[in-house]
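A.B. asks: Prediction below, plus the sequence it came from.
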Amino acid sequence: MTSIDDFSEIETDLANLARLSSSGANEDVRLLVAKLVRKYRTLRPALAEQLDSTLKASRTRSHGPAVLRRSMAVSDSSAMPMDADSRQSLIRVFDDLDGISEPLLPDALFAHVQSLIRERRERDRLAAHGIRPTRSAILVGPPGVGKTLSARWIANQLGKPLWVLDLTTVMSSLLGKTGSNLRAVFDHAKQNQAVLLLDEIDAIAKRRSDESDVGELKRLVTAILQEVDAWPDSGLLLAATNHPELIDPALWRRFDAVLTFETPQGNVLATAVRRFLGADIALFEKWVDLLASSVYGMSLSDVERSINALRRYTVLENASPAHAVIEMAIKGLPSLDKSSRQKLAIELARLEALSHNKIMELTGVSRDTIRKYAGPSPIKGRGIKKKD
């Protein structure tokens, strides 16, 4: 029996399909239908089969290059704007339409991202009240904190692949070519109502007061400003930077929203550890807080790398979870500040893995401080307690 929630979801999908159809966005219509086929193949196979038949019929009737093939075969560079000299695509494509993990973000930032997605989904409703949706946003933060993953997830939630400006191809040594390549990317993205990401935008939108840059790059900044101003409501323009201080101040005013990403902390860090432990989560569950303390201050990509190393070490060395985690914590000590060392010391004491003397020796945190927050030590001596 179909529930009310199921009907509500189907109604939402049909409304989105009708909206795209009425706007004449044929490529997006076919892309959404393909996504619905995959979505309902298990839940409502009859509906999925009907949609799939319609999709195949539309491909058969198409004359010339099929729009559907251009939208779904994302590896086909002929469908994308190319550099005239190298014949390389100016756009890299992330096709996450089959699903992608939700980004690991603080609650406030995640709410901002969800709000942006909702505006895009209900832009017709906003337009009816004379309100424009957020057309552009710049994602700011250090490397490895989830900016690109968040952009991919946003595109996924909007039923689109993410198009990323490929700077290595766009940037040309020939004067005037970089601007032409950039305009070709923007024109193509606008025509297809795309989600376009300008990654490392600081490389092409530096302050025009920077005396080290030639006139060509300064003209490029002006061209980018014009393109951002002209970006339509039908698409979403994203930019990402690790160096906001390098970006021309005029560009900041052009973006509708600024999303600030930071290194993970607290619940986000613990959630990241659990996610990256994967199938080994049950083995390490009691050690999650200690692991989170030992990777404090790391980016999400570094946390993932450390947790994967921990899992490999446990298997290859046949190590107990206790020994593997403590080994990892000790290796990470040199990179921790005083506050992080204290937090790690307290977690070690609470888990009763080492004596207070040994913890003090490893971390430099006094026994009095450890005892104050973790209570008296039940372990005598320096060894690891003989239990997991």
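C.D. replies: Alright, I've got the coordinates.
A.B. asks: Report all helices and strands that the strand or helix carrying Arg38 contacts.
C.D. replies: Assigned by DSSP states H and E, Arg38 falls within helix 26-43. Contact analysis of helix 26-43 by 3 or more C-beta pairs under 8 Å, 6 or more residues apart in numbering; DSSP states H and E lists helix 4-22, helix 45-61, helix 67-72 as its packing neighbours. For every residue, glycine as well, the C-beta is placed using N, CA and C.
A.B. asks: Mean confidence (pLDDT) on stretch 101-118, please.
C.D. replies: Averaging pLDDT along stretch 101-118 yields 95.
A.B. asks: ok, back up a step: confidence-wise, which of the helices and strands packed on helix 26-43 is weakest overall?
C.D. replies: Minimum mean pLDDT among those: helix 67-72, a mean of 33.
A.B. asks: right, and the helix or strand after that one?
C.D. replies: Following helix 67-72 in sequence order, the next helix or strand is strand 91-94 (DSSP H and E).
A.B. asks: The helix holding Arg38: which residues count as buried?
C.D. replies: 27-37, 39-40 (16 or more other C-beta atoms under 10 Å).
A.B. asks: One more: stretch 43-55?
C.D. replies: In stretch 43-55, counting by 16+ other C-beta under 10 Å, buried: Arg44, Leu47, Ala48, Leu51, Asp52, Leu55.
A.B. asks: thinking the third one is in contact with Val37, fair?
C.D. replies: It stands for Ala48. Yes. At 5.1 Å, Ala48 and Val37 qualify as touching, with contact defined as C-beta atoms under 8 Å.
A.B. asks: what comes up buried for stretch 261-270?
C.D. replies: For stretch 261-270, burial by neighbour count (16+ other C-beta under 10 Å) applies to Phe261, Thr263, Pro264, Val268, Leu269, Ala270.
A.B. asks: Secondary structure, distance to Ile138 and pLDDT for these - can I get that in a markdown table?
C.D. replies: Putting those into a markdown table (DSSP: H, G, I helix; E, B strand; the rest coil; distance: C-beta to C-beta, whole Å; pLDDT from 0 to 100) gives the following:
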| residue | secondary structure | distance to Ile138 | pLDDT |
| --- | --- | --- | --- |
| Phe261 | coil | 11 | 96 |
| Thr263 | coil | 19 | 91 |
| Pro264 | coil | 20 | 91 |
| Val268 | helix | 21 | 93 |
| Leu269 | helix | 25 | 92 |
| Ala270 | helix | 29 | 93 |
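A.B. asks: Looking at those residues, which is nearest Ala329?
C.D. replies: Using C-beta to C-beta, Leu269 comes nearest to Ala329 of the buried residues of stretch 261-270, at 14.2 Å.
A.B. asks: List the contacts of that closest one.
C.D. replies: Ala292, Val295, Tyr296, Val303 (C-beta atoms under 8 Å, 6 or more residues apart in numbering).
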